[in-house]
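Enquirer: how would this look folded up:
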Amino acid sequence: MSLPRCPRHWQEGRAALLPAFLAGGGGVLAFAPFGLAWLLPLLLALLFHLLVRASAWGQAAWRGGAFGLGLFLAGVSWVYVSLSVFGGMSMPLAALATLLFCAYLALFPALLGGLLRRFLPAALWRQALLFAALWALADLLRGWLFTGFPWLALGYSQVPPSPLAGYAPLLGVYGLTFLTALAGAWLLWRPWGWLGIAVLLAGGWGLQQIQWTQPRGEPLSVALVQGNVAQDLKWRPERFAATLTLYRDLVSHHPARLTILPETALPAFLDDIPRDYLMELKALAARQQGDLLLGVPTGTGEAYWNSAVSFGASPSQQYSKTHLVPFGEFIPPGFAWFLDLARIPMSSFSPGPVFQPPLALAGQQVAVNICYEDLFGRELLSAVPEATLLVNMSNTAWFGRSLAQPQHLQIARLRALETGRPMLRATNTGMTAVVQPDGRVQAVLAPFTTGVLEAQVQGYTGSTPYVLLGDGAALLLVLLALGAALLPVPRVGKSK
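Expert: Residues are numbered from 1 along each chain as shown. The predicted model follows:
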């Protein structure tokens, strides 16, 4: 007795999963460190073709999910390193957890695919608008749901020299996602789509000629310290004295008006660090009439914070991280068992206040964000109108030698573009860098080296459209696209 054969459209549907998966995996080449931004619209064109040719919305959802799974497995599988190598989780469990995490992220392009096919309009230009709008909504939703994880949002691929980068000060990263997806879909709409892409590129180039913000004051000297302390050694008590000496010597040999150390540079609570040592750091900063910003845990008892504390010529000030990393810095309700599988030190931080004004340091107004807080552009805006500099303090040693470091720098470049301000990044293992207001990297230290990046940096003032509107402009664009794609077009005819 022979088994019944699957219907032909089921077989064809399964056959399309592999090219969708491979296209998603290839999409990581559009992001740092590869930087093939032009490749992403080509791969999205293939996905768009596969989605609109699906026989049903469920088939399209599987194809979208396959694309997403390929993209995230290739692009964020460094999560496995933090769980297995540094979190102490067994290799099989870490691999399973990473796969499940990437599968969760793939649900968003799966939802996109299903909705596109379910509400597919007849005209190709309308299909393209719906495809782009749904991508932007999927990236935005992924950046919000369950505290959000917008890593590898399509718009991050379009940093300079991509012409589309010119739209970032207006529309932000989600607007760039919309335009990137639209360009991909338009590749299949000849010749009008190709003309539309030419107009998009020309418009982006023209917008890059606009200087949205203006320099303020004189340039100042900065020193960004990269300690390169291995994560598996950082919290060992016998290494504490050596870590203190390392950072003191690096600061001593590289005087600057603004010195910045990485996130949790000193592996102890602020109150447990010898007072003489902190006074020495203060004196080293004050010799240039400057200030030093130190990443260190603060608080005692039941509440503690991931903080940045300043010392130097200005009064001491503090910023405490607001947007915490699930499982890494706080355990969501119902997941206490996770601590038994992964041994992550200091995984129960408290969030800092929602609004914290910029720090007045070295004659500048400094908006501080810690670790992956710079993934959430809209959350930085409350401090930006007054801030003249952006500062990110990170410790990506958790992810080893992986794509995480260059990808994180690429994200910081978008934040500089959106706000029209320099971004100073001080990291433990990389990538320590100075990013200009136009999103270009002024200087960068080689990752996984011990050193100090010295540079002259200019503060900026003023507001880009994104600073004023946040993600509102991108949402308006998406709503207009949805209306044009889905609303019926009234027919004008002669009355009888």
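Enquirer: lowest average confidence, helix or strand, in the chain?
Expert: Counting by mean pLDDT, DSSP states H and E, the weakest-scoring helix or strand in the chain turns out to be helix 338-341, with a mean of 53.
Enquirer: Please spell out the segments of the chain that come in under the pLDDT threshold.
Expert: Scanning the chain with the threshold set as pLDDT under 70 gives 1-13, 86-87, 301, 327-347, 491-496.
Enquirer: strands paired with the longest strand along it, and their directions?
Expert: The strand that spans the most residues within the chain, counting by DSSP state E, is strand 214-226. Strand 214-226 has its sheet partners listed here by DSSP bridges as strand 258-260 (parallel), strand 451-461 (antiparallel).
Enquirer: Now do stretch 238-252: everything it contacts.
Expert: With Cβ atoms under 8 Å, 6 or more residues apart in numbering as the test, stretch 238-252 has contacts from 223, 225, 227, 229, 233-234, 259, 261, 265-268, 273-274, 277, 280-281, 284-285, 292, 450-452. Bear in mind the C-beta positions are built from the backbone N, C-alpha and C, glycine included.
Enquirer: Go ahead and flag the most central residue of this protein.
Expert: Central residue of the chain (Cα atoms, centre = their mean): residue 375, 3.6 Å from the mean position.
Enquirer: Domain boundaries for the protein, per the record?
Expert: The chain is divided into the following domains under automatic domain parsing: 12-210, 214-463.
Enquirer: about what we covered before: which parts of the longest strand of the chain count as buried, going by neighbours?
Expert: The neighbour-count criterion (16 or more other Cβ atoms under 10 Å) identifies 220-226 as the buried residues of strand 214-226.
Enquirer: Tell me the first helix or strand C-terminal of that strand.
Expert: Using DSSP states H and E, the next helix or strand after strand 214-226 towards the C-terminus is helix 231-234.
Enquirer: what angle sits between whichever helix or strand comes after that next one and strand 451-461?
Expert: Under the assignment DSSP H and E, the closest C-terminal helix or strand after helix 231-234 is helix 240-252. Comparing the axes of helix 240-252 and strand 451-461 via axes from the mean of the first three to the mean of the last three Cα atoms, to 10 degrees yields an angle of 60 degrees.
Enquirer: got the buried residues for helix 240-252?
Expert: Buried, per 16+ other Cβ under 10 Å, within helix 240-252: 240, 243-244, 246-247, 250-251.
Enquirer: do stretch 155-175 as well
Expert: By 16+ other Cβ under 10 Å, the buried positions in stretch 155-175 come out as 155-160, 162-175.
Enquirer: And stretch 285-304, by the same measure?
Expert: Buried residues in stretch 285-304, counted by 16+ other Cβ under 10 Å: 285, 288, 290-299, 304.
Enquirer: Including secondary structure, could those residues go into TSV?
Expert: What follows is those, written out as TSV (DSSP: H, G, I helix; E, B strand; the rest coil):
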residue	secondary structure
285	helix
288	coil
290	coil
291	strand
292	strand
293	strand
294	strand
295	strand
296	strand
297	strand
298	strand
299	coil
304	coil
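Enquirer: what's the farthest-apart pair in those residues?
Expert: Within the buried residues of stretch 285-304, two members stand farthest from each other by Cβ to Cβ: 288 and 304, at 31.2 Å.
Enquirer: before we move on, back to that, narrow the contacts of stretch 238-252 to those that are buried.
Expert: Buried among those by 16+ other Cβ under 10 Å: 223, 225, 227, 229, 234, 259, 261, 265-268, 273, 280-281, 284-285, 292, 452.
Enquirer: Check the gap between the residue nearest to residue 217 when sequence neighbours are not counted and residue 313 for me.
Expert: Excluding its sequence neighbours, the residue lying closest to residue 217 (Cβ to Cβ, 6 or more residues apart in numbering) is residue 459, at 5.6 Å. For residue 459, the distance to residue 313 equals 17 Å [Cβ to Cβ, to the nearest Å].
Enquirer: again with residue 364
Expert: As judged by Cβ to Cβ, residue 364 and residue 313 stand 13 Å apart.
Enquirer: again, but for residue 267
Expert: Note on residue 267: its distance to residue 313, by Cβ to Cβ, is 27 Å.
Enquirer: How about residue 477?
Expert: Per Cβ to Cβ, residue 477 is found 45 Å from residue 313.
Enquirer: So between these two, which is more surrounded?
Expert: The residue with more neighbours, out of residue 477 and residue 313, is residue 477; 21 against 18, by other Cβ atoms under 10 Å.
Enquirer: In the helix or strand hosting that one, which residues are buried?
Expert: If you go by DSSP H and E, residue 477 is part of helix 472-486. For helix 472-486, burial by neighbour count (16+ other Cβ under 10 Å) applies to 473-475, 477-478, 481-482, 485.
Enquirer: by contact count, what packs against the longest helix seen in the chain?
Expert: Assignment by DSSP state H gives helix 91-118 as the longest helix of the chain. Counting contacts by 3 or more Cβ pairs under 8 Å, 6 or more residues apart in numbering; DSSP states H and E, helix 91-118 is packed against helix 39-52, helix 57-75, helix 79-81, helix 124-142.
Enquirer: can we see that at 6 Å?
Expert: Here helix 91-118 touches helix 57-75, helix 79-81, helix 124-142, going by 3 or more Cβ pairs under 6 Å, 6 or more residues apart in numbering; DSSP states H and E.
Enquirer: Pull out the buried residues from it.
Expert: If you call a residue buried by 16+ other Cβ under 10 Å, then helix 91-118 has these buried ones: 94, 97-99, 101-102, 105-117.
Enquirer: how far out from the middle of the chain is that helix?
Expert: Centroid separation between helix 91-118 and its chain, computed with Cα atoms, centre = their mean, to the nearest Å, is 19 Å.
Enquirer: circling back to that earlier point, pretty sure the residue nearest to the centre of the chain is touching residue 150, no?
Expert: Yes: shown here, residue 375 and residue 150 form a contact pair, counting by Cβ atoms under 6 Å, at 5.3 Å.
Enquirer: how about residue 299, phi and psi?
Expert: Note on residue 299: its backbone torsions stand at phi 100, psi 160 [degrees, to the nearest 10].
Enquirer: Next, work out how far apart it and residue 24 are.
Expert: Separation of residue 299 from residue 24 (Cβ to Cβ): 42 Å.
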